[in-house]
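[1] I would like the atomic coordinates for the input below:
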Amino acid sequence: MSGEMQKIVLASRPVGAPVDENFRLETAPMPTPEEGEVLIKVHYMSLDPYMRGRMDDAKSYAAPVPVGGTMEGSGVGEVVATNSDKFAVGDMALGMFGWASHALAKANELRKLDKTMPVTPALGVLGMPGFTGWYGLNKLGRPKAGETLVVAAATGPVGSMVGQLAKLAGLRVIGIAGGPEKCRIATETFGFDACLDHRAYEDARSLRKDLADLCPDGVDIYFENVGGKVLEAVWPLLNTFARVPVCGMISWYNAGALGGNATSDGLTGPGLWRSILVKQMSVNGYIISNHFDLLPEFLGDVLPKVLSGEVKYLEDVAEGLENAPRAFMEMLGGGNTGKQIVKLI
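    The predicted structure follows:
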């Protein structure tokens, strides 16, 4: 296929928070699908916190994006050329297309989408973020009715999934979010029992005081996706046999591969490990890409809840591939409300 495509590449590795100069918009020849491949015109692409880790040249569970390489990420788009009997021109597909207007993809690595349904939920509530929340809560959190759960980034696609499913399971759910508007959304839209604005607290101790008032019976499940001050505030409130699914630590991502250093209330070295032992807690890190065999189970459980309105979702849509870096940087600072998506068409 003739013509050109556009892509955002990693121009340089960030030191601390990413800046505009770490990204570059490039034009490239339009690729042509070979045997078993399709060419996708990307309609929407996902921005997710894990992408910050891919920008560092450090050992991790996945290889970093090379300098000069296309920023990676999932997207949904339309098949505009095909060399596979699995897809026809006009089909909609979900895949790892990167930050690009078009992408070549192997047909057997794509998920075909139902044309009768909105496509953007496949990037959020019915995609990797929603699946991440569902897996962490149900398989690692092991919720029981009557327990108390705390989750930060409460209005994000992962946190809002965790909180809503926990409420449906009969738990008391306390959210932590950045700003009074997000706290209002957590309670009024997503049905949390309460939500605290972490930006209103000078330190972890003051946040913990109000959190303790909202959790008189302690905390049974802490869904960890933030780290930093929130982790320090919650940790001493964890009950015996508490479960801590460790999904991410966005507050430390800009500190590089080693993350930050929690320094208060025994959250270093011996103090941290002793509390895990004494309280007999289950602390489980996980990478959702290792569990895609459970995706049908997730969709079977959550899709009906989304269609019925039991599980709600919000999307924050930026427009234009050229605006993806700015939207990404703002997202890392909590500037988004709901799932961050970029519309390309």
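[2] okay, and for the stretch 201-345 of the chain, where does confidence drop off?
    Within the stretch 201-345 of the chain, the segments meeting pLDDT under 70 span 251-269.
[3] Skipping adjacent residues, who's closest to the residue sitting nearest the centre point of the chain in space?
    Residue closest to the mean C-alpha point of the chain, counted by Cα atoms, centre = their mean, is residue 129 at 4.6 Å. In this structure, residue 129 finds its nearest non-sequential neighbour in residue 157, 3.6 Å apart by Cβ to Cβ, 6 or more residues apart in numbering. (Glycine included, C-beta is placed from N, CA and C.)
[4] quick one on the thing from earlier: any idea how far the residue nearest to the centre of the chain lies from residue 225?
    10 Å (Cβ to Cβ, to the nearest Å).
[5] what touches both of these two?
    Counting by Cβ atoms under 8 Å, 6 or more residues apart in numbering, the common neighbours of residue 129 and residue 225 are 156, 158.
[6] Could you tell me the phi and psi values at the residue nearest to the centre of the chain?
    The phi/psi pair for residue 129 (degrees, to the nearest 10) reads phi -60, psi -50.
[7] so what's it up against?
    48, 123, 156-158, 161, 339.
[8] how about 10 Å then?
    46, 48-49, 74, 123, 156-161, 247, 288, 313, 339-340 (Cβ atoms under 10 Å, 6 or more residues apart in numbering).
[9] Then residue 46?
    Contact analysis of residue 46 by Cβ under 10 Å, 6+ apart lists 73-76, 94, 96-97, 99, 120, 122-124, 127-129, 157, 339-342.
[10] Buried ones only from those residues, please, as a PyMOL command.
    Here is the PyMOL selection string for the buried members of these, based on 16 or more other Cβ atoms under 10 Å:
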select buried, resi 73+74+75+76+94+97+99+120+122+123+124+127+128+129+157+339+340+341+342
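[11] quick one: which of the contacts of residue 46 sit in helices?
    Applying DSSP state H to the contacts of residue 46, the entries found in helices are 128-129, 157.
[12] and which of those is nearest to residue 306?
    Closest to residue 306 out of the ones in helices among the contacts of residue 46 is residue 157 (12.0 Å), distances taken as Cβ to Cβ.
[13] From residue 137, how far off is the closest one?
    Here the distance between residue 157 and residue 137 works out to 13 Å (Cβ to Cβ).
[14] And residue 152, by the same measure?
    Taking Cβ to Cβ as the measure, residue 152 falls 14 Å from residue 137.
[15] What's the mean pLDDT across the helix or strand encompassing residue 133?
    Take DSSP states H and E as the rule and residue 133 turns out to sit in helix 128-135. Helix 128-135 shows a mean pLDDT of 97.
[16] likewise stretch 94-102?
    Here the average pLDDT along stretch 94-102 is 97.
[17] would you list every one of the strands in the stretch 201-345 of the chain?
    Assigned by DSSP state E, counting those that start in this stretch, the stretch 201-345 of the chain shows strands spanning 219-223, 238-246, 282-285, 315-319, 339-343.
[18] possible to save these as a markdown table with distance to residue 304?
    Shown next, in a markdown table, are the strands of the stretch 201-345 of the chain (distance: least, Cβ to Cβ, whole Å):
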| stretch | distance to residue 304 |
| --- | --- |
| strand 219-223 | 23 |
| strand 238-246 | 24 |
| strand 282-285 | 27 |
| strand 315-319 | 20 |
| strand 339-343 | 20 |
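[19] Just name the most buried of the ones you listed.
    Most buried of these, by mean neighbour count (mean count of other Cβ atoms under 10 Å): strand 219-223, with a mean of 26.
[20] Export only the CA atoms of that strand, formatted as CSV.
    Output in CSV follows, covering the C-alpha atoms of strand 219-223 (Å, rounded to 0.1, in the frame of the first residue of the first chain):
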residue,chain,number,x,y,z
VAL,A,219,-7.7,-3.0,56.3
ASP,A,220,-8.0,-6.6,54.9
ILE,A,221,-7.0,-5.9,51.3
TYR,A,222,-4.7,-3.1,50.0
PHE,A,223,-4.6,-3.0,46.3
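[21] same for that strand, what does it pack against?
    In terms of contacts (3 or more Cβ pairs under 10 Å, 6 or more residues apart in numbering; DSSP states H and E), strand 219-223 is packed against strand 148-152, helix 157-168, strand 172-177, helix 228-234, strand 238-246.
[22] Give me the sheet partners of the shortest one and which way each runs.
    Taking DSSP bridges as the criterion, strand 148-152 forms sheet pairs with strand 172-177 (parallel), strand 219-223 (parallel).
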